[in-house]
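Chemist: I'll drop the sequence and a predicted model, then ask my questions.
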Amino acid sequence: MNTDSTSTTAPSAGAPAPAPPPEPAALLRRAPRALVALLRRALRAPAASVVLATVVLAGLVGAAHPTFLKPAQLLDILQASTYVGLLAIGMSYLVAMREIDLSVGSQFGLCLIATALLIAHGVNAWVAAGLGVACGAVLGLVNATVVTFIRIPTIVATLATLSVFRGLAIALTSGQQVVGLPLDDSFFTVLGGEVAGLPISVLVLAVAALVLGVVLHHTPFGYRVLAVGSNPEAAAFAGISVARVRMLVLVLVGVLAGIGGCLGLAYFTSGDPTIGTGFELQAIAAAVIGGTALRGGTATVIGAVCGAVLLNVVAAGLTYFSIPANWSAFATGLVILVAVGIDSLVRRRKEAGLRAQ
């Protein structure tokens, strides 16, 4: 008797029939729903509003001046955002603890000057860079010591050290720029160069934002930072050393200022003792615009970086409309007011919704 080798065995009577595969039409109907759900989830992200605002603003400027959207111009904006972006990362940690460091711009400038002077006096450039970052850590420790042991509010202590650090940078250079550095050294060619078309400083900023974002939201140290900002008394009652956490964050801010100073020196190739003036206000603005609430307890590192980019998009956009640079401070203040106002409005609506429940 001939049998067919390709015959299949019928399913047993008790076995359930396999479910038929979904029809293509059903898959197409589900796709828009999944896409809408994904977009809603993305818009609920803490940094979504500042990213959207940056894209919309860049699009509006680009519509009027198409050259604004050229890759070279966008890379210049990212490059210019690096230094304030690094300071804004540290500021987001501080603001999350209900603290503000007004000396970060002076720390940035002094670290840059210290690195430049060391190189000018024959120290290996990479060693000088390491010492520049260490200088930032020391400056942060100075702030932490004053705040912790003299018990001066952080904003008052750093208002004083703002002038101390800036005055030291000017005194060390006699108010003159540090020039004549060995620009063919690998320190300048590497840190001032590019990888795959992206400036090294932008890549460093991205790595710092990724690492410190994970630290803030997925490590015990980050939980302590947010706990202190949410309720300092409850955090202390739970066994968290508020003073120690504050000291570590202030040192972290100094380290970020040191890294920014080294990157700035590699890019600008000279040391200006007045560089970084005003960076402290931009860093605070970037953190607040990015979604870090001034009431403490919440922060978004990625949002702080995006806030720095937004501020530079505003500054660059003003130049395309032939608006004097003096108006950039006005525009920055206006952006801060709008961001804080929106944050306050959203918070009140959430609180009203909770009370209604």
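Modeler: Sure, I can see it.
Chemist: Could you list the low-pLDDT ranges of the stretch 1-150 of the chain?
Modeler: Applying pLDDT under 70 to the stretch 1-150 of the chain flags residues 1-46.
Chemist: just the helices in it please.
Modeler: Under the criterion DSSP state H, counting those that start in this stretch, helices of the stretch 1-150 of the chain are mapped to 24-43, 48-64, 71-96, 104-120, 125-149.
Chemist: Kindly report the same for the stretch 151-300 of the chain.
Modeler: Secondary structure of the stretch 151-300 of the chain by DSSP H, counting those that start in this stretch: the helices cover 154-173, 186-191, 200-218, 220-230, 232-237, 242-268, 279-289.
Chemist: before we move on, back to that, let me know which of the helices of the stretch 1-150 of the chain is tucked in deepest.
Modeler: Ranked by average neighbour count under the criterion mean count of other C-beta atoms under 10 Å, the helices of the stretch 1-150 of the chain are headed by helix 104-120 at a mean of 28. All C-beta spots, glycine's among them, are computed from the backbone N, C-alpha and C.
Chemist: one step back: please tabulate the helices of the stretch 1-150 of the chain in JSON lines, including the columns distance to residue 269.
Modeler: Below are the helices of the stretch 1-150 of the chain laid out as JSON lines (distance: least, C-beta to C-beta, whole Å):
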{"stretch": "helix 24-43", "distance to residue 269": "40"}
{"stretch": "helix 48-64", "distance to residue 269": "29"}
{"stretch": "helix 71-96", "distance to residue 269": "14"}
{"stretch": "helix 104-120", "distance to residue 269": "9"}
{"stretch": "helix 125-149", "distance to residue 269": "11"}
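Chemist: out of the ones you listed, nearest to residue 325?
Modeler: helix 71-96 (13.0 Å; C-beta to C-beta).
Chemist: what packs against the closest one?
Modeler: Here helix 71-96 touches helix 104-120, strand 198-199, helix 200-218, helix 220-230, helix 242-268, helix 279-289, helix 301-320, going by 3 or more C-beta pairs under 8 Å, 6 or more residues apart in numbering; DSSP states H and E.
Chemist: between that helix and helix 220-230, how many degrees?
Modeler: Taking axes from the mean of the first three to the mean of the last three C-alpha atoms, to 10 degrees, one finds helix 71-96 and helix 220-230 inclined to each other by 70 degrees.
Chemist: relative orientation of helix 71-96 and helix 154-173 in degrees?
Modeler: Going by the same axes, to 10 degrees, helix 71-96 makes 130 degrees with helix 154-173.
Chemist: isn't residue 89 right up against residue 208?
Modeler: Yes: Residue 89 is in contact with residue 208 according to C-beta atoms under 8 Å; the separation is 6.1 Å.
Chemist: Please write out the alpha-carbon positions of stretch 261-269 in CSV.
Modeler: Output of stretch 261-269 as CSV, limited to C-alpha atoms (Å, rounded to 0.1, in the frame of the first residue of the first chain):
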residue,chain,number,x,y,z
GLY,A,261,37.6,73.7,32.0
CYS,A,262,40.0,71.2,30.4
LEU,A,263,37.6,70.7,27.4
GLY,A,264,37.3,74.5,27.1
LEU,A,265,41.1,75.0,27.1
ALA,A,266,41.5,72.3,24.4
TYR,A,267,38.9,74.0,22.2
PHE,A,268,39.8,77.7,22.7
THR,A,269,43.6,76.9,22.9
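Chemist: Show me how far that stretch is from its chain's centre.
Modeler: Chain-centre distance of stretch 261-269: 18 Å, with C-alpha atoms, centre = their mean, to the nearest Å.
Chemist: Return the set of buried residues in it.
Modeler: Neighbour-count burial for stretch 261-269, with 16 or more other C-beta atoms under 10 Å as criterion, is recorded at 261, 262, 263, 264, 265, 266, 267.
Chemist: how much space is there between the last one and residue 57?
Modeler: Separation of residue 267 from residue 57 (C-beta to C-beta, to the nearest Å): 25 Å.
Chemist: what's the answer for the fourth one, then?
Modeler: Per C-beta to C-beta, residue 264 is found 25 Å from residue 57.
Chemist: Now do the same contact list for the residue positioned nearest the centre of the chain.
Modeler: Residue closest to the mean C-alpha point of the chain, counted by C-alpha atoms, centre = their mean, is residue 305 at 2.9 Å. Applying C-beta atoms under 8 Å, 6 or more residues apart in numbering, we find residue 305 in contact with 81, 85, 88, 89, 205, 209, 286, 290.
Chemist: Now the two most distant members of those.
Modeler: 205 and 290 (13.5 Å).
Chemist: Looking at the two, which is more packed in?
Modeler: The neighbour comparison of residue 205 against residue 290 (other C-beta atoms under 10 Å) goes to residue 290, with 31 against 28.
Chemist: how about the nearest residue to that one, chain neighbours excluded?
Modeler: Sequence neighbours aside, residue 303 is the residue nearest to residue 290 in space, at 2.9 Å (criterion: C-beta to C-beta, 6 or more residues apart in numbering).
Chemist: can you give me the offset of stretch 245-264 from its chain's centre?
Modeler: 13 Å.
Chemist: pLDDT of that stretch, averaged?
Modeler: Averaging pLDDT along stretch 245-264 yields 96.
Chemist: tell me the pLDDT at residue 340?
Modeler: So residue 340 comes in at 71 (pLDDT).
Chemist: so how far is residue 159 from it?
Modeler: 21 Å.
Chemist: Would you mind confirming that residue 234 makes contact with residue 242?
Modeler: No: taking contacts as C-beta under 8 Å, residue 234 lies outside contact range of residue 242: 10.5 Å.
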